[in-house]
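> sequence unknown, structure follows:
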């Protein structure tokens, strides 16, 4: 893989893409959200700080595209217990940086806070995202998203929707 000049990358386009993803999660629109992912896309939430691999240690969540599809279908199904209560969310993303770039993909880090309101309870999540993005004609596809919670090794209640 050849490397690109990171300073030549359109950061505004990347920011807009990440904000659009956050808006879909705010609206709990997993049907549209999953279309942002490549066919080989993955979503990973490590269970320990600085976890190096989802294959050598248990994770809070590690979904390939098939598991994401199943989770999406279950979340939105009218018979699912999760649908008995609304899920409301607000995501704030900041400090967006391109850390690596090649002709075929970009690695982008950002800080986030997500507030979820579910079952009459509000929960704050905060941490760092690492997106690996594939540039395409329209915009980007997500090859992988890593969600490092600042309290990943603390007891957590069930996370009902992707952060």
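That came through fine. Here the structure is a predicted model, which means the values were calculated and not measured. Numbering: from 1, shown residues only.
> What ranges does the protein have for its helices?
Secondary structure of the chain by DSSP state H: the helices cover 11-26, 30-33, 65-76.
> Packing partners of the first one?
When contacts are defined as 3 or more CB pairs under 8 Å, 6 or more residues apart in numbering; DSSP states H and E, helix 11-26 packs onto helix 30-33, strand 87-101, strand 106-118, strand 121-135, strand 140-149. (Glycine included, C-beta is placed from N, CA and C.)
> out of those, deepest packed?
Comparing the helices and strands packed on helix 11-26 by mean neighbour count (mean count of other CB atoms under 10 Å), strand 140-149 ranks first with a mean of 21.
> I figured residue 59 was touching residue 42, is that so?
No: in this structure residue 59 lies outside contact range of residue 42 using CB atoms under 8 Å: 10.7 Å.
> thinking again about what came up before, wait, which of the helices of the chain is closest to residue 46?
Among the helices of the chain, helix 65-76 comes nearest to residue 46, with 16.1 Å by CB to CB.
> Including distance to residue 146 and mean pLDDT, could the helices of the chain go into a markdown table?
Listed next are the helices of the chain as a markdown table, based on distance: least, CB to CB, whole Å; pLDDT from 0 to 100:
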| stretch | distance to residue 146 | mean pLDDT |
| --- | --- | --- |
| helix 11-26 | 14 | 96 |
| helix 30-33 | 16 | 94 |
| helix 65-76 | 14 | 84 |
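> List the residues that contact the most centrally placed residue in the chain.
Centrality entry for the chain: nearest residue to the mean C-alpha point is residue 145, 5.0 Å, by CA atoms, centre = their mean. For residue 145, the contact set (CB atoms under 8 Å, 6 or more residues apart in numbering) comprises 41-44, 129-132.
> any idea how far the closest residue to residue 20 other than its chain neighbours lies from residue 158?
In space, and not counting its chain neighbours, residue 20 is closest to residue 36: 8.0 Å by CB to CB, 6 or more residues apart in numbering. Distance from residue 36 to residue 158, counting by CB to CB, to the nearest Å: 24 Å.
> Between those two, tell me which one has more neighbours.
Using other CB atoms under 10 Å, the more surrounded residue of residue 36 and residue 158 is residue 36, with 18 against 8.
> doesn't residue 140 make contact with residue 134?
Yes: judged on CB under 8 Å, residue 134 makes contact with residue 140 at a distance of 6.3 Å.
> Roughly how far does residue 18 sit from residue 158?
With CB to CB as the criterion, residue 18 and residue 158 are 25 Å apart.
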